[in-house]
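Chemist: here is a sequence with its predicted model. Questions after.
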Amino acid sequence: MSPPNAKRRPGLLTTTLVLMRKDLLIEWRTRARLNALVFFAMATLLLFSFALGPDTKLLERNAGGYLWLAILFASVLSLGESFRVETENACLDGVRLAPADARAIFLSKALGNALLLLALGVLLVPVMVALYGVRIVTGLGDLASILVLGSLALSAPGTVYAAISSNARARDVLLPLLLFPLVIPALLSAAKGTTLVLQGDPMQQLGSWQGLLLGFNLIYWGVGFVLFPRVIED
Amino acid sequence: MNKFVKFGLPALTLALLGAGWWLGLAWAPPDREMGEVQRIMYVHVPLQWMAMMAMFINFVAAVTYLMRQSWKTDAMAEASAEVGLLFGTLGMITGSIWGRPTWGVYWSWDPRLTSEAILLVSYTGYLVLRRFVEDPEKRAVWSAVVAIIGAINLPIVWFSVRWWRSLHQVQSSPKTVDPQMVLPLRVSAFGMLALLIVFMVHRYRIALAERKAEVALPEALPTDDPALRASHSSKVA
Amino acid sequence: MTSLTSLMLLAQVGSGRLQGGWGYVWACYGISVAAFVLYSASLWARRPRATDSKE
């Protein structure tokens, strides 16, 4: 590539921010996705209490797990939708012809999805507190860190798999089938961490779960960053 | 396919598996604790080893495919995933039948069992993905990506489940096993290896033939437009 | 060291030996053999028949 062309080409970070702004703007104009996600997740939280009966002790003990299951189910919808928007008018091809770095597309999509899931989590926590009668014992900071790490952990591998399944047949079945076994470690540590935040952490185990989440994030953001360009290449 | 692979290897498989299982069922002594039930080991453990080997081959084939595209590695990945899933599923079934008399339950949430269940679900997803993508090149790239991510996931799952359960499975090392149990285990393992190779070779040939048929399809279909036909044949060539 | 830990383990487990259980053994071997036969049959049914794909 000739030097002037290379100079005019924006860097990875700039491209990422521009693309993310575009995605969030589309999202903000309709707010359809976030609204749908919030009500879907709230319905899920409500349904858990119906499915298990009015045993408050049981609900209180498992609140962390239910919160993360609701976020996980919502994330499947959100991830699928984030690529459906792009495939509708072959927008992804347009973005790639722009030419945007494929890795920037990954970062913007994954960060956008993580932001959406984080917003969802923040909105769900008060609902969970009200529905299940839990208290936040160890502090809001711990809960916030678990929410941030958990949303990031769900969205990095989720973005790669959503890009794959959005072009396949039966994508609505394929994405959960691929994603659920993969995010089990993230789900497990996020749910366990949230439970510790809600029930107290006498054994100081919270740090190791946060570490596991952090490691999961590092691995999958790295893997996604490297492999995503191969997924959307032609 | 040469004669040895076609006739010699299946014969060797039958001989080794027959000998290993005969040794295990009739010759080896019953276990001190588990009695006769322990004889399940001679089918369960080789199955698990070969499932692991097939999954490893799948990972290597996926990485190789992403480095240098070739239908051969793609066919190898498909063959190893399917055969690995068969062996892994059988390993899990025999394991839970073994668990019933020894632990009292068919299933326990110990790290090994849980990780294996997750692994099997991942490879089912991998094979489903292969079914659901028509374009052979995209299918190959995407399934390679999924295979690599799934393989990376395995150690993470293992550690996280171990922390989650915080109990340790006792592993038996060869030192604590009676030598009269080691011989049947070894023979059965080599028999199972031969069976794995037989299955893989045949599955690989099927996959390769399918790939070639898919790639050649535009040419084989009769088209009315001569210009289209010309462009297709030039693309293939 | 290994033998010591295994002895301690045996002491914990106790020395009660499982009696019988051949049914479980035969079930395992039977299921495996049946699955192998079925899979071989499926491989046979899917065998490549095109003449040009012969090596």
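Modeler: All right, it came through fine.
Chemist: remind me which residues of the chain are low pLDDT?
Modeler: Using chain A here. Confidence mapping of chain A against pLDDT under 70 gives the ranges A:1-9, A:234.
Chemist: my bad, the chain I had in mind was chain C
Modeler: For chain C (pLDDT under 70), the answer is C:1-20, C:50-55.
Chemist: for chain B, which residue gets nearest to chain C?
Modeler: B:Ala209 (3.3 Å; Cβ to the nearest Cβ). To be clear about C-beta, it is placed using only N, CA and C from the backbone, and glycine gets the same treatment.
Chemist: and for that residue, the neighbour number?
Modeler: By other Cβ atoms under 10 Å in any protein chain shown, the residues close to B:Ala209 number 19.
Chemist: which residue packs closest to it, ignoring adjacent ones?
Modeler: Among residues not flanking B:Ala209 along the chain, C:Pro48 sits closest, at 3.3 Å (Cβ to Cβ, 6 or more residues apart in numbering or on different chains).
Chemist: contacting residues for the residue nearest to B:Ala117 when sequence neighbours are not counted?
Modeler: Leaving aside its chain neighbours, B:Ala117 sits nearest to B:Met92 (7.1 Å; criterion: Cβ to Cβ, 6+ apart). Taking Cβ atoms under 8 Å, 6 or more residues apart in numbering or on different chains, we find B:Met92 in contact with B:Leu113, B:Glu116, B:Ala117, B:Leu120.
Chemist: now do the helices in the chain.
Modeler: I'll assume chain A. Ranges of helices in chain A, per DSSP state H, are A:3-8, A:12-30, A:32-52, A:56-61, A:63-88, A:91-97, A:102-132, A:140-165, A:171-199, A:206-232.
Chemist: meant chain C, my bad for not saying
Modeler: C:2-13, C:22-45.
Chemist: just to revisit the earlier point, now the residue nearest to B:Ala117: phi and psi?
Modeler: For B:Met92, the backbone dihedrals (degrees, to the nearest 10) come out as phi -70, psi -40.
Chemist: from chain A, how far off is B:Met53?
Modeler: Applying Cβ to the nearest Cβ, to the nearest Å, the value for B:Met53 to chain A is 21 Å.
Chemist: same thing with B:Gln38?
Modeler: 31 Å.
Chemist: so what's the residue count around that residue?
Modeler: Count around B:Gln38 with other Cβ under 10 Å applied: 22.
Chemist: any idea of the mean pLDDT in stretch B:205-214?
Modeler: For stretch B:205-214, mean pLDDT rounds to 89.
Chemist: pick out the residue nearest the middle of chain A.
Modeler: A:Ser155 (3.5 Å; Cα atoms, centre = their mean).
Chemist: mind jotting down where the helices sit in chain B?
Modeler: B:3, B:9-22, B:41-67, B:71-103, B:111-132, B:136-165, B:179-220, B:226-236.
Chemist: show me what contacts the nearest residue to A:Arg84 once chain neighbours are set aside?
Modeler: In space, and not counting its chain neighbours, A:Arg84 is closest to A:Ser166: 6.2 Å by Cβ to Cβ, 6+ apart. Applying Cβ under 8 Å, 6+ apart to A:Ser166 gives the contacts A:Gly80, A:Phe83, A:Arg84, A:Glu86, A:Thr87.
Chemist: looking at it, the first one is touching A:Arg171, isn't it?
Modeler: Yes - under the contact definition of Cβ atoms under 8 Å, A:Gly80 touches A:Arg171, with a separation of 6.6 Å.
Chemist: identify the contacts common to these two.
Modeler: Common neighbours of A:Gly80 and A:Arg171 (Cβ under 8 Å, 6+ apart) are A:Ser165.
Chemist: give the closest residue to A:Gly112 in space, chain neighbours not counted.
Modeler: Nearest residue to A:Gly112 in three dimensions, chain neighbours excluded: A:Asp23, at 4.5 Å (Cβ to Cβ, 6+ apart).
Chemist: which residues does the one you found contact?
Modeler: Contacts of A:Asp23 (Cβ under 8 Å, 6+ apart): A:Ser82, A:Ser108, A:Lys109, A:Gly112.
Chemist: one more: A:Ala110?
Modeler: A:Leu152, A:Ser155, A:Ala156, A:Gly158, A:Thr159, A:Trp221, A:Gly224.
Chemist: kindly report the same for B:Ile40.
Modeler: B:Thr94, B:Ile97, B:Trp98, C:Tyr24, C:Val25, C:Cys28.
Chemist: for chain A, see how far away the closest residue to B:Met41 other than its chain neighbours is.
Modeler: Leaving aside its sequence neighbours, B:Met41 sits nearest to B:Leu185 (Cβ to Cβ, 6+ apart; 6.6 Å). Distance, B:Leu185 to chain A, using Cβ to the nearest Cβ: 30 Å.
Chemist: next: B:Arg130.
Modeler: B:Arg130 is 10 Å from chain A, by Cβ to the nearest Cβ.
Chemist: the closest residue to that residue other than its chain neighbours: neighbouring residues, count only.
Modeler: Leaving aside its sequence neighbours, B:Arg130 sits nearest to B:Ser143 (Cβ to Cβ, 6+ apart; 5.2 Å). If you count neighbours by other Cβ under 10 Å, B:Ser143 ends up with 24.
Chemist: quick one: contacts for B:Ser143?
Modeler: Applying Cβ under 8 Å, 6+ apart to B:Ser143 gives the contacts B:Ala62, B:Asp74, B:Ala77, B:Glu78, B:Tyr126, B:Leu129, B:Arg130, B:Val133.
Chemist: and it, what pLDDT?
Modeler: 92.
Chemist: and for B:Ala227?
Modeler: 50.
Chemist: in chain C, what residue lies closest to chain B?
Modeler: For chain C, Cβ to the nearest Cβ, closest residue to chain B: C:Pro48, 3.3 Å.
Chemist: could you list every residue that touches that residue?
Modeler: Taking Cβ under 8 Å, 6+ apart as the test, what C:Pro48 contacts is B:Arg205, B:Ile206, B:Leu208, B:Ala209, B:Glu210.
Chemist: one more: A:Ile26?
Modeler: A:Val85.
Chemist: quick one on the thing from earlier: can I get the contacts of B:Ile40 in JSON lines with neighbour count and distance to chain A?
Modeler: JSON lines is the format used below for these (neighbours: other Cβ atoms under 10 Å in any protein chain shown; distance: Cβ to the nearest Cβ, whole Å):
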{"residue": "B:Thr94", "neighbour count": "24", "distance to chain A": "22"}
{"residue": "B:Ile97", "neighbour count": "19", "distance to chain A": "24"}
{"residue": "B:Trp98", "neighbour count": "24", "distance to chain A": "24"}
{"residue": "C:Tyr24", "neighbour count": "20", "distance to chain A": "29"}
{"residue": "C:Val25", "neighbour count": "25", "distance to chain A": "31"}
{"residue": "C:Cys28", "neighbour count": "25", "distance to chain A": "26"}
